[in-house]
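Peer 1: Take a look and give me a structure for this.
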Amino acid sequence: MHVILIPGFWLQGESWAPITPTLVAAGHHVLTPTLPGKESAAADQAGVGLRTHIDAIVSLVDELTGPVALVGHSGGGAIAHGVVDARPERIARVVYVDSGPLGEGAVINDDFEPEGHGIPLPDWGAFEDEELADLDETLRTEFRRIAVPEPIGVATEPQRLSDERRYDVPVTVITCTMPRELLEQFIAGGHPYVAELAHMRDREIVELPTGHWPQLTKPHELAAIIETALG
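Peer 2: So this is what the prediction gives:
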């Protein structure tokens with residue numbers, strides 16, 4: 001199966017390097033694109049928005065033959081969901097890594113402070129303790145070394161959805177910073193945070209207790225869960 005790994009905020013395609021060998025060994029064709037405006041710290045980010053990133057992955061899907069699985073980390077989950085909405089008949093499964101499907105009209109995060117057209121990786125104090133779990137000083141140094149600014153438009157442009165067939169595509173949610181039981185309570189209680197996820201007709205939730213960047217903190221465990229989810 002073709003597997004497209006979509007990086008979250010501040011990360012390029014190479015951030016998936018600890019994950020890809022397991023998926024390749026399982027027989028998958030793995031693609032790790034770096035999204036527009038994130039090619040380098042000096043990339044032109046003017047006019048780059050959420051739809052820009054969705055369209056980039058849709059174009060990649062259109063180049064492939066056969067079933068495609070999407071794996072979206074953090075903000076990459078919103079991109080994956082936009083792709084499913086655009087090409088529901090092409091996507092075999094979506095794996096959300098500490099993320100989930102972003103609903104119509106919602107934005108990923110408009111709280112970050114931009115610099116020009118981008119959002120640099122903030123100081124660690126901007127994150128919750130649970131997000132930083134297992135991210136030791138060595139990993140924090142490595143994360144900051146590979147980080148690139150996130151285009152402000154990706155964080156703030158509203159999601160636009162139109163095809164309800166997106167609800168038929170099976171999803172796996174790998175929850176890292178929230179216990180599975182709590183996430184399931186949110187779904188059962190109709191919490192708006194998970195409204196789109198609640199509509200998914202075929203969903204599973206797998207817990208991987210660690211911080212928000214499991215590809216850095218628990219790459220082998222994350223790879224194994226993704227491999228299992230893909231079948």
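Peer 1: Now do the strands in this structure.
Peer 2: In the chain, the strands defined using DSSP state E lie at 2-6, 29-31, 68-73, 91-97, 118-119, 150-151, 171-175, 203-207.
Peer 1: so how far is the longest one from its chain's centroid?
Peer 2: How far strand 91-97 lies from its chain's middle: 10 Å, per CA atoms, centre = their mean, to the nearest Å.
Peer 1: Which elements pack onto it?
Peer 2: strand 68-73, helix 76-86, strand 171-175, helix 219-230 (3 or more CB pairs under 8 Å, 6 or more residues apart in numbering; DSSP states H and E). All C-beta atoms are positioned from the backbone trio N, CA, C, and that covers glycine.
Peer 1: I'd like to check the angle between that strand and strand 68-73, please.
Peer 2: Put simply, strand 91-97 runs at 10 degrees to strand 68-73, going by axes from the mean of the first three to the mean of the last three CA atoms, to 10 degrees.
Peer 1: Show the average pLDDT along strand 91-97.
Peer 2: For strand 91-97, mean pLDDT is 98.
Peer 1: for the fifth one, same thing?
Peer 2: Per-residue pLDDT values over strand 118-119 give a mean of 98.
Peer 1: outside of it, which residues touch it?
Peer 2: With CB atoms under 8 Å, 6 or more residues apart in numbering as the test, strand 118-119 has contacts from 9, 10, 37, 45, 112, 113, 149, 150, 151, 152, 155.
Peer 1: Dump the strands of the chain into CSV; add distance to residue 104 as well.
Peer 2: Conversion of the strands of the chain to CSV gives the following (distance: least, CB to CB, whole Å):
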stretch, distance to residue 104
strand 2-6, 20
strand 29-31, 27
strand 68-73, 17
strand 91-97, 17
strand 118-119, 23
strand 150-151, 21
strand 171-175, 17
strand 203-207, 18
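Peer 1: and the ones you listed as CSV, adding distance to residue 214 and mean neighbour count?
Peer 2: Putting the strands of the chain into CSV (distance: least, CB to CB, whole Å; neighbours: other CB atoms under 10 Å) gives the following:
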stretch, distance to residue 214, mean neighbour count
strand 2-6, 13, 25
strand 29-31, 17, 17
strand 68-73, 8, 27
strand 91-97, 7, 24
strand 118-119, 22, 23
strand 150-151, 19, 27
strand 171-175, 7, 23
strand 203-207, 11, 17
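Peer 1: what's the closest of these to residue 51?
Peer 2: When the strands of the chain are compared for distance to residue 51 using CB to CB, the nearest one is strand 150-151, at 11.3 Å.
Peer 1: May I have the strands that pair with that closest one, each with its orientation?
Peer 2: Here strand 150-151 is paired, per DSSP bridges, with strand 118-119 (antiparallel).
Peer 1: Now do the strand it pairs with: distance to the chain's middle.
Peer 2: Worked out by CA atoms, centre = their mean, strand 118-119 lies 18 Å from the chain centre.
Peer 1: same deal with stretch 203-217?
Peer 2: When distances are taken as CA atoms, centre = their mean, stretch 203-217 is centred 12 Å away from the chain's centroid.
Peer 1: Could you list which residues are in contact with the residue lying closest to residue 26 once chain neighbours are set aside?
Peer 2: Among residues not flanking residue 26 along the chain, residue 227 sits closest, at 5.1 Å (CB to CB, 6 or more residues apart in numbering). Applying CB under 8 Å, 6+ apart to residue 227 gives the contacts 22, 23, 26.
Peer 1: So residue 227 versus residue 174, what's the distance?
Peer 2: Distance of residue 227 to residue 174, given as CB to CB, to the nearest Å: 12 Å.
Peer 1: before we move on, what about residue 128?
Peer 2: On the measure of CB to CB, residue 128 and residue 174 end up 18 Å apart.
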